[in-house]
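Undergrad: mind looking at a prediction? Sequence and model below.
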Amino acid sequence: MRRVVPGDLPAIEAFLRARTPRAMFPLSNLARYGLDGEHPYAPRFWAAWSGASVTDVLCLSTNGTVMPVLPSGDAGPALEVLRGREVCRVIGPAEECRPLIDGLGLTGRPVDLDQDEPHFAMDLADLRVPDGPGILHPLRQADRDVLLDWTAAYNAETLGQEPEAARREAMRDLDLRIETGSHRVLMAGDAPLAMTGFNATIPDCVQIGGVYTPPGLRGRGHARRAVALHLAEARRAGATRATLFASGPPAIRAYEAIGFQRIGTWTLFLMKTPVRVPARGSADG
């Protein structure tokens with residue numbers, strides 16, 4: 001694998017777009033933050049080539065998040081790229097992430113979350129919007145303290161964060177979501193029912209993330225209605241596809257009910273603290 005330079009980007013983007021549901025984070029981060037930028041989520045890329053054709057891409061964000069797109073199934077070159085580098089997360093298709101996690105010696109390290117979840121996609125022409133109470137509003141129209149509590153609870157329940165860290169991250173996450181307009185809240189009058197959002201977007205595809213319903217309101221279809229209404233909004237803006245990864249039978253049932261179909265398994269490997277992967281030949285590697 002060699003480091004991607006600006007002149008390579010048309011080929012890299014074409015390769016990633018051919019695999020859009022499995023490459024939404026790299027595509028969205030590239031569009032938002034640019035190649036080799038300073039933002040924590042700005043991507044750096046390495047690619048393997050066969051002649052003029054890209055065969056594999058490894059994305060490593062500035063903050064150490066590894067996002068592989070390795071359809072060849074050969075993890076070896078990506079492992080060599082990552083040796084000696086700092087890693088905090090590995091996110092992507094399970095069949096591409098697990099060999100990296102094992103090969104880098106990260107298995108068994110302290111984590112907030114180490115989970116494989118069903119991965120889904122949908123053509124938005126097939127979207128079904130369920131009936132029910134509530135309409136979508138921007139987050140700024142709901143009570144901030146309620147949304148802060150919901151976001152912290154989501155971070156703890158879904159991402160495995162400790163309460164103090166979950167609250168701290170929630171303050172940052174909520175401000176960013178309000179600023180970017182990435183999330184919505186389903187409200188019946190002044191009462192918030194559920195929250196939904198997009199954690200990655202490109203013009204023709206959105207990726208669902210940050211969906212939350214408080215425990216006392218669960219089991220009433222609020223989350224699926226919120227997600228469906230948000231997807232309908234994205235469809236009106238020009239998106240044609242959507243993707244997500246889901247945790248637990250209730251979420252899976254909700255997403256299948258509005259039109260999602262499973263396409264694979266998604267790994268979320270979120271470490272408690274970043275780890276510098278030993279370089280080949282080092283005393284500890």
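TA: All right, it came through fine. Numbering: from 1, shown residues only.
Undergrad: shaky segments in the chain?
TA: 280-285 (pLDDT under 70).
Undergrad: can you pull the domain assignment for it?
TA: 2-118+268-276, 128-258 (automatic domain parsing).
Undergrad: CSV please, covering those domains and showing mean neighbour count.
TA: (Glycine included, C-beta is placed from N, CA and C.) Below are the domains of the chain laid out as CSV (neighbours: other C-beta atoms under 10 Å):
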stretch, mean neighbour count
domain 2-118+268-276, 18
domain 128-258, 18
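Undergrad: next up, the contacts around residue 91.
TA: Residue 91 is in contact with 25, 65-67, 97, 266-269, counting by C-beta atoms under 8 Å, 6 or more residues apart in numbering.
Undergrad: ok, of those residues, which one's closest to residue 118?
TA: residue 266 (7.4 Å; C-beta to C-beta).
Undergrad: isn't residue 263 up against residue 94?
TA: No: with contact defined as C-beta atoms under 8 Å, residue 263 does not reach residue 94; the gap is 11.8 Å.
Undergrad: how about the strands in the stretch 101-250 of the chain?
TA: 111-123, 135-138, 183-188, 191-202, 205-208, 241-245 (DSSP state E, counting those that start in this stretch).
Undergrad: in CSV: those strands, plus distance to residue 255.
TA: Formatted as CSV, the strands of the stretch 101-250 of the chain follow (distance: least, C-beta to C-beta, whole Å):
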stretch, distance to residue 255
strand 111-123, 6
strand 135-138, 17
strand 183-188, 16
strand 191-202, 11
strand 205-208, 8
strand 241-245, 6
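Undergrad: tell me the contacts of residue 38?
TA: Contacts of residue 38 by C-beta under 8 Å, 6+ apart are residue 62.
Undergrad: and the gap between it and residue 44?
TA: Between residue 38 and residue 44 the computed distance is 11 Å (C-beta to C-beta, to the nearest Å).
Undergrad: over to residue 197?
TA: 26 Å.
Undergrad: residue 241 too?
TA: From residue 241 across to residue 44, the span is 26 Å (C-beta to C-beta).
Undergrad: for residue 94, same thing?
TA: For residue 94 relative to residue 44 (C-beta to C-beta), the value is 23 Å.
Undergrad: who touches residue 183 in this structure?
TA: Contacts for residue 183 (C-beta under 8 Å, 6+ apart) come out as 139, 177, 195-198, 210.
Undergrad: need the contact list for residue 218.
TA: Per C-beta under 8 Å, 6+ apart, neighbours of residue 218: residue 250.
Undergrad: against residue 211, how distant is it?
TA: In terms of C-beta to C-beta, residue 218 sits 12 Å off from residue 211.
Undergrad: same check on residue 182?
TA: 12 Å.
Undergrad: same thing with residue 67?
TA: Distance from residue 67 to residue 211, by C-beta to C-beta: 21 Å.
Undergrad: and what of residue 78?
TA: From residue 78 to residue 211 the distance is 31 Å (C-beta to C-beta).
Undergrad: helices of the stretch 1-150 of the chain, residue ranges please.
TA: 9-17, 24-33, 76-82, 94-103, 144-159 (DSSP state H, counting those that start in this stretch).
Undergrad: would you turn those into CSV with distance to residue 226?
TA: Listed next are the helices of the stretch 1-150 of the chain as CSV, based on distance: least, C-beta to C-beta, whole Å:
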stretch, distance to residue 226
helix 9-17, 28
helix 24-33, 20
helix 76-82, 37
helix 94-103, 27
helix 144-159, 12
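Undergrad: so what sits against both of residue 38 and residue 44?
TA: Common contacts of residue 38 and residue 44 (C-beta under 8 Å, 6+ apart): residue 62.
Undergrad: longest strand in the protein, please.
TA: strand 261-276 (DSSP state E).
Undergrad: parallel or antiparallel, which strands does that one pair with?
TA: Sheet pairing here is set by DSSP bridges, and for strand 261-276 it gives strand 86-93 (antiparallel), strand 111-123 (antiparallel).
Undergrad: report the longest helix in this protein, please.
TA: helix 163-180 (DSSP state H).
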